[in-house]
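Colleague: show me the folded form of this:
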Amino acid sequence: MPAADPALVVSQAAALAVGFVASTAALYGRYRVLPSVLTGPQVCRLEAGGCQILFRTRTASLLGVPNASLSLILYGLVLVGRIRQWPAVWLLGGATLALGMSIYLGWYLIAHHLECRVCWAGHVANLGLWLTLLGGEYER
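Modeller: Model prediction:
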């Protein structure tokens, strides 16, 4: 098996790190008040810091499971998969679902004029993860 491109490895590690931090913050924000620097002033003017409201909406969960929890599971599986050298195409399936969700949630934020820095960090991380997994697949 050929060695992975170092740029892809670093980019993927960065996407996983940013995604993990954003998901952890979003999960925390579901139950507690996040500082406005992490979310944005438009959101945090709502009530109780505003972030609780945003992270508790119906769109912040899938079948009752917080999106942030699903993201943490994805990032963990991708990390284990990369360490155990699972085929990138296996991991690309989960990353594609995450990217699809990010596209929808990004549209939701824009359509409802909501500002959420944590959310956008997670969405950008999902895009980066998807692109690096796709790039790793083409590398083979």
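Colleague: what pLDDT is listed against the spatially most central residue of the chain?
Modeller: Centroid check for the chain by CA atoms, centre = their mean gives G122 as the closest residue, at 3.3 Å. G122 is assigned a pLDDT of 93 by the prediction.
Colleague: low-confidence ranges in the protein?
Modeller: The chain contains residues with pLDDT under 70 at 1-4, 36-54, 56-57, 61, 137-140.
Colleague: can you pull out the helices in it?
Modeller: For the chain, applying DSSP state H gives helices covering 6-31, 36-39, 41-44, 51-55, 67-83, 88-111, 117-139.
Colleague: and the angle from the longest one to helix 117-139?
Modeller: The one in question is helix 6-31. 150 degrees (axes from the mean of the first three to the mean of the last three CA atoms, to 10 degrees).
Colleague: that older thread, most packed of the helices of the chain?
Modeller: Sort those by mean neighbour count, taking mean count of other CB atoms under 10 Å, and helix 51-55 sits at the top with a mean of 23. Using the backbone N, CA and C atoms, a C-beta is placed for each residue, glycine as well.
Colleague: quick one: distance of stretch 76-83 to the chain centre.
Modeller: Its chain's C-alpha centre and that of stretch 76-83 lie 15 Å apart, by CA atoms, centre = their mean, to the nearest Å.
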